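In: when you get a sec, could you give me coordinates for this:
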Amino acid sequence: MAGVGLFLLLRAGQALKVRGFAFLTTAEWQPDVPRRIGGPTRSGVLSLTGAAASGLCTAVLLFGQLAPFSGGLGFTVTAYLAFLLVYAVLTGLEENGQAVRDRVMTVVLWSAATLLFVALALVVDFTAWRGREALPHANFFTQDMQAAGPLDPLTNGGIAHAMLGTLTMITIALVITVPLGLACAVYLNQIPGRFSRFVRTIVEAMTALPSIVAGLMVYATWILGLGMQKSGLAAGFAISVMMLPIAIRAADVVLRLVPGTLTEAAEALGARAGARCGTWSCPPPARVSPRRSSSAPHAASARPRRCCSPPGTRRR
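Out: Numbering: from 1, shown residues only. Model (predicted):
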């Protein structure tokens, strides 16, 4: 019987192997090794270096020997594309498809971030280099361009008007944005409903609003529509339109960090929906003694007021 059972097991194993199944022995089976996702590795550095050298050589061959190509931009793009292709092939020799896509996208994102940082650094350095001769003069910070011309020396005129105008516009924008942003964040956080969802959608859409659109809207409504003059007030309105959705979302995120227990305690004390976010109803837990309840400092404010009784009557 044992021989018959062993024969049947061997036949079943052969049939499964023919159909595409195979049994792994203990020596052949290898556990899954977690893939390292952080930090440079020796193989990764070698793959990057080899791919960069291959991309550069490919671009040199195409633009210098094999094809009649020319131009610095085309050379850079060709070298970068060849670098990505070779890097994907080298990574695929050791990793699976998911790891290859992850490595390639990481290289693309780092390349884009480096390009943006270099562009920003070039703009700042160019501005500082061109203005290096005017910085030692004190009048550059204390005078304006009202009495200065384009051919006057650097000892005449300055940027005082630009600094004052910037401070004025920022102050106007903050005066408009801060109270409206806090009020809207409290409304979105404490009063849910259909209109609240609509307001949240508008706020999220306005977060990506380009500055030119905000400026055109203020120009069309305030200057062309109402006939007002071009001034710092109009510029402050445009800046407030761009700052308002950011202030609302930032305040909303901070209000969501308030523990639910403190909100429930404020509701138990009779606080209204808009007053739950105040410091008097949501004190920091670190300031409260562990021997006392967090609602003890507000117990007096939660007591009902005494009703006015007629003279001569006794309150029970």
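
In: for Ala271, which three-state class applies?
Out: Assigned state for Ala271: coil (three-state reduction, DSSP: H, G, I helix; E, B strand; the rest coil).

In: now it: how far from Gln190?
Out: To Gln190, Ala271 is 10 Å away according to C-beta to C-beta, to the nearest Å. C-beta coordinates here come from the backbone N, C-alpha and C atoms, glycine included.

In: look at those two and report which has more neighbours.
Out: It is Ala271, of Ala271 and Gln190, that has more neighbours when counted by other C-beta atoms under 10 Å, with 20 against 16.

In: roughly how far apart are that one and Thr263?
Out: 9 Å.

In: then Ala113?
Out: With C-beta to C-beta as the criterion, Ala113 and Thr263 are 40 Å apart.

In: any chance you could map the helices in this structure?
Out: Counting by DSSP state H, one finds helices in the chain at the ranges 2-18, 42-61, 72-92, 97-130, 139-142, 160-190, 194-207, 211-218, 232-256, 260-268, 299-302.

In: closest to Leu224 out of those?
Out: helix 211-218 (10.0 Å; C-beta to C-beta).

In: hmm, who's touching that closest one?
Out: Outside of helix 211-218, the residues within contact range by C-beta atoms under 8 Å, 6 or more residues apart in numbering are Ala234, Ala235, Phe237, Ala238, Ile239, Val241, Met242.

In: using CSV, lay out those together with distance to Gly97 and pLDDT.
Out: Below are the contacts of helix 211-218 laid out as CSV (distance: C-beta to C-beta, whole Å; pLDDT from 0 to 100):
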residue, distance to Gly97, pLDDT
Ala234, 55, 90
Ala235, 52, 90
Phe237, 52, 92
Ala238, 48, 91
Ile239, 47, 92
Val241, 46, 91
Met242, 42, 91
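
In: can I get these in TSV including neighbour count and distance to Pro40?
Out: Compiled in TSV, the contacts of helix 211-218 are given as follows (neighbours: other C-beta atoms under 10 Å; distance: C-beta to C-beta, whole Å):
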residue	neighbour count	distance to Pro40
Ala234	20	52
Ala235	19	47
Phe237	22	49
Ala238	21	45
Ile239	22	43
Val241	20	44
Met242	18	39
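
In: closest to Val199 among these?
Out: For Val199, the closest of these turns out to be Val241, at 15.4 Å, with distances computed as C-beta to C-beta.

In: quickly note the distance from the closest residue to that closest one other than its chain neighbours to Ile239.
Out: The spatial neighbour of Val241 that comes closest, neighbours along the chain excluded (C-beta to C-beta, 6 or more residues apart in numbering), is Ala214 at 4.2 Å. According to C-beta to C-beta, Ala214 stands 8 Å off from Ile239.

In: same question, Ile202
Out: 19 Å.

In: ok so, going back, between the contacts of helix 211-218, which is nearest Asp102?
Out: Each of the contacts of helix 211-218 was checked against Asp102 using C-beta to C-beta; the closest is Met242, at 35.2 Å.

In: wait, the closest one touches Leu209, no?
Out: Yes - taking C-beta atoms under 8 Å as the contact criterion, Met242 and Leu209 are neighbours in contact, 6.5 Å apart.

In: and stretch 196-204, what's its mean pLDDT?
Out: Per-residue pLDDT values across stretch 196-204 average out to 88.

In: which other residues reach that stretch?
Out: Around stretch 196-204, the neighbours that count as contacts under C-beta under 8 Å, 6+ apart are Cys184, Tyr187, Leu188, Pro245, Ile248, Arg249.
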